[in-house]
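**Q** Just need the structure, nothing else, for what follows:
(2 chains)
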Amino acid sequence: MKLDVLYFAWVRERIGLAKEQIDTEATTVMDLVRELEAREERYAAAFADISALRVAVDQELTDFEASLSGVREVAFFPPMTGG
Amino acid sequence: MRVLVQSEPFDFGKEAQDFASGHHTMGAIVTFTGIVRDLADGSLDRMVIEHYPGMTQKALNKISEQAMERWNLGDVLVIHRTGDLAPGDMIMMVATAAPHRKDAFEAAEYLMDYLKSRAPFWKQEFTSDGAKWVAAKQDDEDALTRW
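**A** Numbers count the residues shown, from 1 in each chain, chains lettered A, B, ... in the order given. Below you'll find the predicted structure:
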(Lines give C-alpha, C1' and ligand atoms only; values in the text may rest on other atoms or scores of the structure.)
Protein backbone atom coordinates (compact mmCIF):
# COMPACT_ATOMS: atom_id res chain seq x y z
CA MET A 1 0.00 0.00 0.00
CA LYS A 2 1.07 3.57 -0.57
CA LEU A 3 1.41 5.78 2.49
CA ASP A 4 2.19 9.46 2.80
CA VAL A 5 4.75 9.82 5.58
CA LEU A 6 5.31 13.27 7.10
CA TYR A 7 8.03 14.53 9.41
CA PHE A 8 8.01 17.65 11.55
CA ALA A 9 10.46 19.77 13.58
CA TRP A 10 13.79 18.06 14.35
CA VAL A 11 12.57 14.75 12.92
CA ARG A 12 12.14 16.52 9.57
CA GLU A 13 15.59 18.06 9.89
CA ARG A 14 17.27 14.80 10.84
CA ILE A 15 15.68 12.86 7.97
CA GLY A 16 16.06 15.78 5.58
CA LEU A 17 12.52 15.53 4.22
CA ALA A 18 9.12 16.98 5.11
CA LYS A 19 7.08 14.38 3.25
CA GLU A 20 7.51 11.24 1.17
CA GLN A 21 5.38 8.51 -0.28
CA ILE A 22 6.29 4.99 0.79
CA ASP A 23 5.16 1.70 -0.66
CA THR A 24 5.01 -0.63 2.31
CA GLU A 25 3.47 -3.83 3.65
CA ALA A 26 3.91 -2.70 7.26
CA THR A 27 0.86 -3.54 9.37
CA THR A 28 1.60 -1.33 12.38
CA VAL A 29 3.37 1.98 12.97
CA MET A 30 6.20 0.08 14.66
CA ASP A 31 6.66 -2.13 11.58
CA LEU A 32 6.92 1.01 9.47
CA VAL A 33 9.49 2.50 11.87
CA ARG A 34 11.63 -0.68 11.62
CA GLU A 35 11.39 -0.58 7.85
CA LEU A 36 12.47 3.08 7.73
CA GLU A 37 15.28 2.53 10.25
CA ALA A 38 16.72 -0.20 8.09
CA ARG A 39 16.86 2.09 5.06
CA GLU A 40 19.54 4.60 5.93
CA GLU A 41 21.47 5.98 8.85
CA ARG A 42 19.54 9.27 8.92
CA TYR A 43 16.30 7.34 9.56
CA ALA A 44 17.96 5.18 12.21
CA ALA A 45 19.21 8.39 13.89
CA ALA A 46 15.76 9.99 13.83
CA PHE A 47 14.06 6.90 15.28
CA ALA A 48 16.83 5.96 17.74
CA ASP A 49 14.73 6.92 20.78
CA ILE A 50 11.07 6.18 20.15
CA SER A 51 10.13 7.55 23.59
CA ALA A 52 11.18 11.01 22.31
CA LEU A 53 8.72 10.78 19.38
CA ARG A 54 5.00 11.05 18.85
CA VAL A 55 2.97 9.68 15.96
CA ALA A 56 -0.27 10.63 14.24
CA VAL A 57 -2.16 8.31 11.93
CA ASP A 58 -4.54 10.02 9.52
CA GLN A 59 -4.03 13.20 11.54
CA GLU A 60 -5.05 11.69 14.89
CA LEU A 61 -2.54 11.17 17.69
CA THR A 62 -1.98 7.51 18.42
CA ASP A 63 0.73 5.11 19.62
CA PHE A 64 3.37 3.02 17.92
CA GLU A 65 1.28 -0.16 18.17
CA ALA A 66 -1.48 1.37 16.02
CA SER A 67 -2.62 -0.54 12.93
CA LEU A 68 -1.96 0.85 9.48
CA SER A 69 -4.93 -0.92 7.92
CA GLY A 70 -6.71 1.50 5.57
CA VAL A 71 -4.42 4.34 6.62
CA ARG A 72 -3.30 7.00 4.14
CA GLU A 73 -1.05 9.29 6.18
CA VAL A 74 1.41 8.79 9.03
CA ALA A 75 3.30 11.64 10.71
CA PHE A 76 6.27 11.49 13.07
CA PHE A 77 7.29 14.40 15.28
CA PRO A 78 8.70 15.35 18.68
CA PRO A 79 6.43 16.10 21.66
CA MET A 80 4.38 19.17 20.81
CA THR A 81 5.10 22.63 22.18
CA GLY A 82 2.04 24.76 21.50
CA GLY A 83 0.52 27.54 23.56
CA MET B 1 -17.11 28.05 18.88
CA ARG B 2 -14.40 29.60 16.74
CA VAL B 3 -10.93 28.18 16.08
CA LEU B 4 -8.40 30.08 13.99
CA VAL B 5 -4.88 29.06 12.94
CA GLN B 6 -3.13 31.93 11.20
CA SER B 7 0.27 33.47 10.53
CA GLU B 8 -1.04 37.05 10.81
CA PRO B 9 -1.15 38.89 14.13
CA PHE B 10 -4.54 39.17 15.85
CA ASP B 11 -6.04 42.14 17.67
CA PHE B 12 -6.47 40.86 21.20
CA GLY B 13 -8.64 43.79 22.32
CA LYS B 14 -11.01 43.49 19.40
CA GLU B 15 -11.23 39.72 19.65
CA ALA B 16 -11.94 39.87 23.39
CA GLN B 17 -14.52 42.64 22.87
CA ASP B 18 -16.29 40.78 20.05
CA PHE B 19 -16.26 37.56 22.04
CA ALA B 20 -17.66 39.20 25.17
CA SER B 21 -20.48 41.04 23.42
CA GLY B 22 -23.79 39.44 22.62
CA HIS B 23 -23.67 36.75 25.32
CA HIS B 24 -26.58 37.95 27.50
CA THR B 25 -26.81 34.75 29.50
CA MET B 26 -23.06 34.41 30.07
CA GLY B 27 -21.98 36.01 33.33
CA ALA B 28 -18.27 35.19 32.96
CA ILE B 29 -15.69 35.67 30.25
CA VAL B 30 -12.13 34.42 30.77
CA THR B 31 -9.34 35.22 28.33
CA PHE B 32 -5.76 33.98 28.27
CA THR B 33 -3.00 35.24 25.99
CA GLY B 34 0.36 33.59 25.38
CA ILE B 35 3.31 35.86 24.57
CA VAL B 36 6.69 35.06 23.01
CA ARG B 37 9.00 35.22 26.05
CA ASP B 38 12.54 36.43 25.56
CA LEU B 39 15.30 34.25 26.99
CA ALA B 40 16.65 35.19 30.43
CA ASP B 41 19.68 36.91 28.89
CA GLY B 42 17.59 38.78 26.32
CA SER B 43 19.17 36.89 23.41
CA LEU B 44 16.06 35.72 21.55
CA ASP B 45 16.00 37.16 18.03
CA ARG B 46 12.82 35.44 16.90
CA MET B 47 10.66 32.37 17.30
CA VAL B 48 9.27 30.22 14.52
CA ILE B 49 6.23 28.04 15.11
CA GLU B 50 5.93 25.05 12.82
CA HIS B 51 2.66 23.15 12.62
CA TYR B 52 0.95 20.25 10.86
CA PRO B 53 -1.50 22.07 8.58
CA GLY B 54 -3.93 19.20 8.01
CA MET B 55 -4.12 18.22 11.65
CA THR B 56 -3.86 21.48 13.58
CA GLN B 57 -7.37 22.75 12.98
CA LYS B 58 -8.88 19.30 13.69
CA ALA B 59 -6.93 18.90 16.92
CA LEU B 60 -7.94 22.37 18.16
CA ASN B 61 -11.59 21.77 17.18
CA LYS B 62 -11.58 18.51 19.10
CA ILE B 63 -10.04 20.06 22.23
CA SER B 64 -12.58 22.91 22.08
CA GLU B 65 -15.50 20.49 21.60
CA GLN B 66 -14.31 18.48 24.58
CA ALA B 67 -14.26 21.64 26.71
CA MET B 68 -17.80 22.53 25.55
CA GLU B 69 -19.01 19.06 26.54
CA ARG B 70 -17.28 19.00 29.86
CA TRP B 71 -18.15 22.44 31.22
CA ASN B 72 -21.24 24.58 31.08
CA LEU B 73 -20.00 26.97 28.40
CA GLY B 74 -21.73 29.27 25.97
CA ASP B 75 -18.78 29.75 23.66
CA VAL B 76 -15.08 29.09 23.07
CA LEU B 77 -12.52 31.01 21.02
CA VAL B 78 -9.04 29.74 20.15
CA ILE B 79 -6.56 31.70 18.00
CA HIS B 80 -3.06 30.30 17.45
CA ARG B 81 -0.39 31.84 15.26
CA THR B 82 2.24 30.02 13.23
CA GLY B 83 5.42 31.13 11.47
CA ASP B 84 7.73 33.99 12.44
CA LEU B 85 7.26 35.80 15.74
CA ALA B 86 9.33 38.29 17.75
CA PRO B 87 9.78 38.53 21.53
CA GLY B 88 6.69 40.20 22.98
CA ASP B 89 4.41 39.09 20.14
CA MET B 90 1.15 37.39 21.03
CA ILE B 91 1.32 33.73 20.05
CA MET B 92 -2.18 32.68 20.88
CA MET B 93 -5.30 33.37 22.87
CA VAL B 94 -8.19 31.41 24.27
CA ALA B 95 -11.46 32.79 25.54
CA THR B 96 -14.32 31.04 27.28
CA ALA B 97 -17.82 32.28 28.03
CA ALA B 98 -19.89 30.64 30.78
CA PRO B 99 -22.86 31.52 32.99
CA HIS B 100 -20.50 31.31 35.99
CA ARG B 101 -16.79 31.98 36.40
CA LYS B 102 -15.70 28.55 37.69
CA ASP B 103 -16.60 26.90 34.38
CA ALA B 104 -14.99 29.71 32.39
CA PHE B 105 -11.69 29.55 34.35
CA GLU B 106 -11.45 25.76 34.42
CA ALA B 107 -12.29 25.38 30.74
CA ALA B 108 -9.66 28.01 29.81
CA GLU B 109 -7.03 26.10 31.80
CA TYR B 110 -8.09 22.83 30.20
CA LEU B 111 -7.83 24.36 26.72
CA MET B 112 -4.35 25.70 27.51
CA ASP B 113 -3.12 22.43 29.01
CA TYR B 114 -4.31 20.44 26.02
CA LEU B 115 -3.18 22.77 23.31
CA LYS B 116 0.30 22.94 24.86
CA SER B 117 0.94 19.23 24.46
CA ARG B 118 -1.77 17.79 22.20
CA ALA B 119 -1.98 20.26 19.32
CA PRO B 120 0.68 19.84 16.61
CA PHE B 121 2.80 22.96 17.08
CA TRP B 122 6.57 23.07 17.52
CA LYS B 123 8.47 26.14 18.68
CA GLN B 124 11.96 26.93 17.48
CA GLU B 125 14.04 29.70 19.06
CA PHE B 126 16.61 31.67 17.07
CA THR B 127 19.54 33.45 18.74
CA SER B 128 22.93 34.57 17.46
CA ASP B 129 24.11 31.03 18.37
CA GLY B 130 21.68 29.48 15.90
CA ALA B 131 18.35 27.68 16.08
CA LYS B 132 17.11 25.46 18.88
CA TRP B 133 13.87 23.45 19.14
CA VAL B 134 12.03 24.13 22.37
CA ALA B 135 11.82 20.90 24.38
CA ALA B 136 8.45 19.83 25.74
CA LYS B 137 8.28 20.14 29.53
CA GLN B 138 7.37 17.21 31.75
CA ASP B 139 5.27 19.67 33.81
CA ASP B 140 3.08 20.33 30.78
CA GLU B 141 2.56 16.60 30.25
CA ASP B 142 1.84 16.10 33.96
CA ALA B 143 -0.70 18.94 33.85
CA LEU B 144 -2.99 16.74 31.72
CA THR B 145 -3.36 14.14 34.47
CA ARG B 146 -5.58 16.45 36.53
CA TRP B 147 -8.23 16.40 33.84
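**Q** and chain B, which of its residues are near chain A?
**A** Counting by Cβ under 8 Å from any Cβ of the partner chain, the positions of chain B adjacent to chain A are B:34, B:50, B:52, B:54-55, B:58-59, B:80, B:91-92, B:112, B:115-124, B:133-136, B:141. Where C-beta positions appear, they are placed from N, C-alpha and C, glycine not excepted.
**Q** Can you flag the buried ones in those residues?
**A** Listed as buried from the residues of chain B next to chain A are B:34, B:50, B:52, B:54-55, B:58-59, B:80, B:91-92, B:112, B:115-124, B:133, B:136; burial here means 16 or more other Cβ atoms under 10 Å in any protein chain shown.
**Q** In strands, which of the residues you listed fall?
**A** Within these, residues falling in strands by DSSP state E are B:Gly34, B:Glu50, B:His80, B:Ile91, B:Met92, B:Phe121, B:Trp122, B:Lys123, B:Gln124, B:Trp133.
**Q** Leaving out the residues flanking it, which one is nearest to the fourth one?
**A** I take that to be B:Ile91. B:Gly34 (4.5 Å; Cβ to Cβ, 6 or more residues apart in numbering or on different chains).
**Q** Pretty sure the one you found sits against B:Met90.
**A** Yes: between B:Gly34 and B:Met90 there is a contact at 7.1 Å, judged by Cβ atoms under 8 Å.
**Q** Out of the ones in strands among the buried ones among the residues of chain B next to chain A, which is nearest to B:Ser64?
**A** Within these, the smallest distance to B:Ser64 is 11.4 Å, found for B:His80 (Cβ to Cβ).
**Q** Show me what the closest one bridges to in the sheet.
**A** The partner list for B:His80 in beta bridges (DSSP bridges) reads B:Val5, B:Met92.
**Q** The helix-or-strand element of chain B with minimal mean pLDDT - contacts with which helices or strands?
**A** Least confident helix or strand, chain B: helix B:138-143 with a mean of 89, by mean pLDDT, DSSP states H and E. The elements that helix B:138-143 packs onto, with contact taken as 3 or more Cβ pairs under 8 Å, 6 or more residues apart in numbering or on different chains; DSSP states H and E, are helix B:101-117.
**Q** Kind regards, and thank you for your time.
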